[in-house]
Every structure is written in C-alpha cells, then in structure tokens.
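**Q** Quick one: sequence plus predicted model below, questions after.
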Amino acid sequence: MKERLAPRGIDVTTVNLRNVRPSKQLQGQIDKKIQQEQATERAVEAARTAKAEAERKRIEAEGTARANKILERSLSDKVLYNQCLDAYREAAKSHPVYAVPCGSGSGGTPVIVDGTKN
C-alpha cells in the first residue's frame, strides 16, 4: 500500500483495521483448533490428576503397611486377649450380653451372645 501511494506524495505510517472478520470457513477452522487445544489441556490435566491420586494412594498404603508392622511387633496374644475382654466389657455396659467361651484350652475366643434376642 505504501509503495502504491508514495508516488502520489502520500506517506502511510500506520493503518488501523476495524471490523475485520475471517471467512466462515477460516473461523470454523480457528474454532476447531481452539477446541482441540482445550481438549488436549483437559486430557493433560486429567492425567496429572490421576498421577497425583495414584501417588497419594501409594503413600497412604505404605503408611498403613508400616503401621501394621509396628502393631504386629507390639501385639502379643495376651495383649490381644485383654483387648478382646475390654471390648466385651464395653459391649456389656450398653447391651445385656454374655460371653460363651469357645475354642480349646484357656486361650479360646469367647462368642458374644445378645441376651435381648430370642
């Protein structure tokens, strides 16, 4: 444009373009590209979220496993038996129950029977 108007003594320094609209076909292609980029971003974010969730679950499982190992080392049969008896006592406070010893010997596990049911 500048070259065409210069011989006539017109010096063009800037040109303001307003209300320029692409053709329907070009606008459709622009919209399609934007949608593809957004879909790609959503997929990347979904993958990132899934990876973070998997890492969180792995860390949680490791913590649970460590806690179980600590409990396993600290719990003896006698401790477990005493905890079982304490649980029976607590249950008996709120409901009329009685325990029937089961198993062989003195270490048999009692079975709790609800006295309110026939």
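**A** Received, thanks. Bear in mind the structure is a predicted one, so any value in this text is a computation, not a measurement.

**Q** Can you name the element that comes right after the helix or strand hosting Glu55?
**A** Per DSSP states H and E, Glu55 falls inside helix 24-74. For helix 24-74, the succeeding helix or strand toward the C-terminus, using DSSP H and E, is helix 77-94.

**Q** Which strands and helices lie in contact with that following helix?
**A** strand 97-101, strand 110-114 (3 or more CB pairs under 8 Å, 6 or more residues apart in numbering; DSSP states H and E). Any C-beta I mention is one placed from the backbone N, CA and C, and that applies to glycine too.

**Q** Tell me how many other residues crowd Asp40.
**A** Rather than Asp, residue 40 is Thr. By the criterion of other CB atoms under 10 Å, Thr40 has 10 neighbours.

**Q** tell me the pLDDT at it?
**A** The per-residue pLDDT reported for Thr40 equals 97.

**Q** and it, what is it in contact with?
**A** Applying CB atoms under 8 Å, 6 or more residues apart in numbering to Thr40 gives no contacts.

**Q** Quick check: it vs Glu53, distance?
**A** Noted for Thr40: a distance of 20 Å to Glu53, by CB to CB, to the nearest Å.

**Q** Same question for Ala91.
**A** Distance, Ala91 to Glu53, by CB to CB: 38 Å.

**Q** Same drill for these two, tell me which one is more crowded.
**A** The neighbour comparison of Ala91 against Glu53 (other CB under 10 Å) goes to Ala91, with 14 against 10.

**Q** Which pLDDT value does the model give that one?
**A** pLDDT, Ala91: 71.

**Q** go on, the one 10 residues further on?
**A** Each residue has a pLDDT score; the one for Pro101 is 59.

**Q** just Asn118 next, same as before
**A** On pLDDT, Asn118 comes in at 48.

**Q** and if you look at Ala54?
**A** As predicted, Ala54 sits at a pLDDT of 96.

**Q** OK, contacts around it?
**A** With contact set as CB under 8 Å, 6+ apart, Ala54 has no partners.

**Q** Many thanks, we can stop here.
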